[in-house]
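S.K.: just need the structure, nothing else, for what follows:
(4 chains)
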Protein chains: 2
Amino acid sequence: MDISKILDLIYELPDQSKLALQNNVSEIAFPKGHILLKANKIESNIYFIKKGLVRAYVERDNEVTFWFGKEGETIISMKSYVEDQPGYENIELLEDCELYELKTENLRKLFNEDVHIANWGRKFAEKELIKTEERLISKQFKNASERYLELMKDHPVLLQRVQLGHIASYLGITQVSLSRIRAELK
Amino acid sequence: MDISKILDLIYELPDQSKLALQNNVSEIAFPKGHILLKANKIESNIYFIKKGLVRAYVERDNEVTFWFGKEGETIISMKSYVEDQPGYENIELLEDCELYELKTENLRKLFNEDVHIANWGRKFAEKELIKTEERLISKQFKNASERYLELMKDHPVLLQRVQLGHIASYLGITQVSLSRIRAELK
DNA sequence: AAAATAATTTAACAAATGATAAAAAATGAA
DNA sequence: TTCATTTTTTATCATTTGTTAAATTATTTT
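M.R.: Residues are numbered from 1 along each chain as shown, chains lettered A, B, ... in the order given. Here you go, the predicted structure:
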């Protein structure tokens, strides 16, 4: 997916503003397994996924995967981007990826100069917020089996491209529990 | 908490932009128990809490409380505000409240006219996003007892002002489970 | 203060999920 | 292909959380 399309998915910009953004974007590729962003570091870039699949996870006793990103989606260390503080997430590439890279510093400059880009940034955060809030609510009143069915319905492609251990973690259960749930559904 | 302080909590605006926002704000009060926002309706206002306490909940088999707002916080139907669609949340006042009211329509106009206000709106969504994401992650790798202790540490005031049934729902457990957890901690 | 109502706790049992270990299946490397 | 490694499933038992009902405590109304 090309950068113009990706930017439009968030919010349609006037040509001039869109060009200003695109002029700050460069292309870069990494292989499967690469760790793109590391926790406890201030990250100075954000990325848009041209091709490939990634996951965001935090390290605790075990790894907790809390987000998947595929073509058209934005990779960001929220804390770095918003508060200039070390982030909590690691980003691992689950497939070979082609990415668009944008320096946070340049984006900040554009936010202050161009009202359309500022609103583009606002829309991005607002849409992510709704998605996250809906997941939180879903987690709160659905059991693991219902959340699995919901994921199958809403994001069937993830089940084909992501190994089940990560899916289980994303659903907030152990891999063994997920296996059991899948067995019961047969 | 006065409106000037509340706006600054999100992002410090130049005087002129701040005044433009404040000029669109009016004061209004409602008693405890009032339902301020209703689910499945497009809401045309957002509110800032001058004084009081509210909760956001969705109705399923039972009620699921997923957010509390107190002095200085912003009350918003996310779907209405972001996508002009009926929202999923109800907002109930848990105490008598004094609120600042702002028409979404006017705010949208300001977003398009004033780059500072657009960035103020961006910061608001970004900060809410981080809070929501952190709660989602916490829900994913902590058990109920750990989440209760975390809430006690981070928001002790809620435990004094909110009845336990709502706290339990917010933690994603039943009231009976919360009672059991509290008994074990004694 | 007494009565009525609402909120919280306790108890007993059921259901869901976790932990550990082992087996089976799938994938990747030589 | 064969071997080694990784992923997924299955089985067993432990722990956590849910459900229901009743008892207790707190709050509100009369």
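S.K.: going by C-alpha atoms from here, please, whenever you check contacts or count neighbours.
M.R.: Fine.
S.K.: name the SS class of the most centrally placed residue in chain A, please.
M.R.: Central residue of chain A (CA atoms, centre = their mean): residue A:69, 4.1 Å from the mean position. Put simply, residue A:69 is strand when judged by DSSP: H, G, I helix; E, B strand; the rest coil.
S.K.: show me what the helix or strand of chain A with the lowest mean pLDDT is packed against.
M.R.: Sorting the helices and strands of chain A by mean pLDDT, DSSP states H and E puts helix A:78-83 at the bottom, at a mean of 89. Contacts defined by 3 or more CA pairs under 8 Å, 6 or more residues apart in numbering or on different chains; DSSP states H and E place helix A:78-83 against helix B:115-141.
S.K.: immediately after the helix it packs on, which helix or strand?
M.R.: Counting by DSSP states H and E, the next helix or strand C-terminal to helix B:115-141 is helix B:144-154.
S.K.: and the helix or strand following that next one with DNA strand C, contact?
M.R.: Remark: after helix B:144-154, the chain's next helix or strand is helix B:156-161, criterion DSSP H and E. No - under the criterion of CA under 7 Å from any atom of the strand, DNA strand C is not reached by helix B:156-161; the shortest gap measures 8.8 Å.
S.K.: chain center to helix B:156-161: distance?
M.R.: 15 Å (CA atoms, centre = their mean, to the nearest Å).
S.K.: could you name the helices and strands sitting against that helix?
M.R.: Under the contact rule (3+ CA pairs under 8 Å, 6+ apart), helix B:156-161 is packed against no helix or strand.
S.K.: list the contacts of residue A:145.
M.R.: By CA atoms under 8 Å, 6 or more residues apart in numbering or on different chains, the contact list for residue A:145 reads residue A:181.
S.K.: residue A:24 now?
M.R.: Residue A:24 makes contact with A:102-103, A:106, according to CA under 8 Å, 6+ apart.
S.K.: can you name the residue of chain A nearest to chain B?
M.R.: Here chain A gets closest to chain B at one residue, residue A:122, 3.9 Å apart by CA to the nearest CA.
S.K.: number of residues surrounding that residue?
M.R.: Residues contacting residue A:122 under the criterion other CA atoms under 10 Å in any protein chain shown number 25.
S.K.: doesn't residue B:115 make contact with it?
M.R.: No - counting by CA atoms under 8 Å, residue A:122 does not reach residue B:115; the two are 11.1 Å apart.
S.K.: what does the helix or strand just after the least confident helix or strand of chain A rub up against?
M.R.: Using DSSP H and E, the helix or strand that follows helix A:78-83 in sequence is strand A:90-93. Strand A:90-93 has contacts (CA under 8 Å, 6+ apart) with A:30-39, A:52-58.
S.K.: swap in 7 Å and give it another go.
M.R.: A:32-39, A:53-58 (CA atoms under 7 Å, 6 or more residues apart in numbering or on different chains).
S.K.: and those residues, which are buried?
M.R.: Buried subset of the contacts of strand A:90-93 (neighbour count, 16 or more other CA atoms under 10 Å in any protein chain shown): A:35, A:37-39, A:53-58.
S.K.: which one of these is nearest residue A:84?
M.R.: Nearest to residue A:84 among the buried ones among the contacts of strand A:90-93: residue A:39, at 13.1 Å, using CA to CA.
S.K.: show the pLDDT at that closest one.
M.R.: At residue A:39, the model reports a pLDDT of 93.
S.K.: which residues sit in contact with it?
M.R.: Residues in contact with residue A:39 (CA under 7 Å, 6+ apart) are A:86-90.
S.K.: 10 Å instead, please
M.R.: A:56-59, A:77, A:86-91 (CA atoms under 10 Å, 6 or more residues apart in numbering or on different chains).
S.K.: same check on residue A:16?
M.R.: Residue A:16 neighbours (CA under 10 Å, 6+ apart): A:22, A:114, A:116.
S.K.: what count of nearby residues applies to the first one?
M.R.: Under the neighbour criterion other CA under 10 Å, residue A:22 is assigned a count of 15.
S.K.: these two touch, right, residue A:173 and residue A:62?
M.R.: No - Residue A:173 is beyond contact range of residue A:62, at 11.6 Å (criterion: CA atoms under 10 Å).
S.K.: quick check: neighbours shared by those two?
M.R.: By CA under 10 Å, 6+ apart, the residues touching both residue A:173 and residue A:62 are residue B:141.
S.K.: okay then, goodbye and thanks.
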